[in-house]
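>>> Sequence and computational prediction follow.
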Amino acid sequence: MTLFRLQIEVRSAFATPPKGDTLFGQLCWQIAEMEGAKRLEELLAGYTEGRPFAVVGDMLPGDTLLFPPVPLSHLGMAFDPERRKEIKRRRSFSMARLQENGGRIDAALKEACMPIESSRWAETIQIRNSIDRIGGTTGEGFDPFASLRSDLSTAEAMLYLLVDNRVVDITLIEEAFEALGAAGFGKDATVGRGRFAVVSCEPFSFSASEPNAMLTLAPSVLAGQGFEEAYYEPFTRFGKHGGLLAHGMPWKNPVLMADTFALVYARTPRSFIGVGLGGDGTVSVRMPQTVHQGYAPVIPVRLEGK
């Protein structure tokens, strides 16, 4: 598989965090709209057997990464409460900085890092009001409700994804993301949320000096793959169908995953890790053939303290 980097121009706030598994789901819907359901079925053949046609990473604000939740001893540092507080305050760094250090996370940690507040989506609660579209009023009374809003401090974001060139051309994937960004991603797209534009799409290569671990760029399922050791924050995905299936009973079964920026120790580097879920009714009772991206793109890294 080939790793690509999409440069994204964020044009609005988001109501749904643009994580890799959700982006993959919307990518599938978009391909079905553009190419037809049969084409999507062809692309998903073998998806749950370790042959994904695409593995989509999170949309990263400003191309920043977060340090994985590993013990300080794995970074070649003795435990120090004050140092631990400092790391929690400043634990983000750019992909370029990590590449300059040959994939050494501990080296990137010892250099100046960006405050974590400027390297993630800032979530706030926005109060909105229900409007009767026929009368143009609030109806019988004042009907406010809370809505989640995610904003970036910068209009630039990066998205890393793997594509199997044998079964799909990157041009189709790029066009699908362009259409997705124009229509809006996730919840409240009809009121302007989730708008973005694809500025560029280019192959990307990342090399590390004697890597001994992998850093994930999307939520993933790590169970049953024989990894020596892994550190991650748990993440539960309460998935929801889109399109016509969004009406009635849209909810899928919850999926427990390792959140983005998990650190996995493995002797043999890979381009992605995880498993493809579903296809047999385990992800969705309403649409049994539904699959869920339990895969994540990874980059090779090295921890000197391990």
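Received the coordinates, thanks.
>>> what helix or strand is Ala179 on?
Applying DSSP states H and E as the criterion places Ala179 in helix 170-183.
>>> which residues sit against that helix?
Residues from elsewhere that reach helix 170-183 (Cβ atoms under 8 Å, 6 or more residues apart in numbering): 2, 4, 6, 8, 11, 26-27, 30-31, 33-35, 54, 159, 161, 163, 189, 194-198, 201. C-beta: built from backbone N, CA, C; applies to glycine.
>>> And the buried ones among those, selectable in PyMOL?
Of these, the buried ones can be selected in PyMOL as follows, counting by 16 or more other Cβ atoms under 10 Å:
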select buried, resi 4+6+8+26+27+30+31+35+54+159+161+163+189+194+195+196+198+201
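>>> Now go through the contacts of helix 170-183 and say which are in strands.
2, 4, 6, 8, 54, 159, 161, 163, 196-198, 201 (DSSP state E).
>>> mind listing the helices for the stretch 51-200 of the chain?
For the stretch 51-200 of the chain, the helices defined by DSSP state H, counting those that start in this stretch cover 81-89, 95-100, 105-110, 170-183.
>>> Which of those helices comes out lowest on mean pLDDT?
Lowest mean pLDDT of these: helix 81-89, a mean of 64.
>>> and the closest residue to Glu228 other than its chain neighbours, backbone torsions?
Take Glu228 and drop its neighbours on the chain: the residue closest to it by Cβ to Cβ, 6 or more residues apart in numbering is Tyr265, 4.6 Å away. According to degrees, to the nearest 10, the main-chain angles of Tyr265 amount to phi -90, psi 130.
>>> From Pro300, how far out is Tyr265?
Going from Tyr265 to Pro300 by Cβ to Cβ, to the nearest Å gives 12 Å.
>>> ok, the residue nearest to Gly102 when sequence neighbours are not counted - how many residues close by?
Nearest residue to Gly102 in three dimensions, chain neighbours excluded: Ser209, at 3.8 Å (Cβ to Cβ, 6+ apart). Counted with other Cβ atoms under 10 Å, the neighbours of Ser209 add up to 11.
>>> Isn't Asp164 up against Phe4?
No: the pair Asp164 / Phe4 is not scored as a contact, 11.6 Å apart, by Cβ atoms under 8 Å.
>>> Setting aside sequence-adjacent positions, which residue approaches Val199 most closely?
Nearest to Val199 is Gln7, by Cβ to Cβ, 6+ apart, at 4.2 Å.
>>> again, but for Met59
Pro18 is the one closest to Met59 (Cβ to Cβ, 6+ apart), at 3.9 Å.
>>> Who are the contact partners of the one you found?
58-59, 185-186, 194.
>>> I'd like those residues as a markdown table, with pLDDT appended.
Shown next, in a markdown table, are those (pLDDT from 0 to 100):
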| residue | pLDDT |
| --- | --- |
| Asp58 | 94 |
| Met59 | 92 |
| Phe185 | 88 |
| Gly186 | 82 |
| Gly194 | 86 |
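>>> ok, of those residues, which one's closest to Glu100?
The closest of the contacts of Pro18 to Glu100 turns out to be Asp58 (Cβ to Cβ; 21.8 Å).
>>> Show the contacting residues for the closest one.
18-20, 23, 159, 217-218, 260.
>>> what does Lys19 give?
58-59, 218-219, 260.
>>> ok, 10 Å please
56-59, 121, 186, 218-219, 235, 237, 257, 259-260, 293 (Cβ atoms under 10 Å, 6 or more residues apart in numbering).
>>> cool, and Ser12?
Counting by Cβ under 10 Å, 6+ apart, Ser12 touches 149, 151, 181, 184-185, 188-189, 191-196.
>>> what's the most distant pair in those?
The farthest-apart pair in the contacts of Ser12, when distances are taken by Cβ to Cβ, is Arg149 and Gly181, at 17.8 Å.
>>> more crowded one of these two?
For Arg149 and Gly181, the more surrounded residue by other Cβ under 10 Å is Gly181, and the numbers stand at 21 against 18.
>>> so the residue nearest to Gly102 makes contact with Glu100?
No: using Cβ atoms under 10 Å as the test, Ser209 is too far from Glu100 to be in contact (11.4 Å).
>>> Could you check how many residues crowd around Arg302?
For Arg302, the neighbour count with other Cβ under 10 Å is 18.
>>> Look up how far Ala296 lies from it.
According to Cβ to Cβ, Arg302 stands 19 Å off from Ala296.
>>> hang on, the earlier thing: out of the contacts of Ser12, who's nearest Met95?
Phe196 (18.8 Å).
>>> Let me see the contact set for the closest one.
The contact partners of Phe196, taken as Cβ under 10 Å, 6+ apart, are 6, 8-12, 14, 18, 59, 155, 157, 159, 177-178, 180-182, 184-185.
>>> I'm done for today, thanks for sticking with me.
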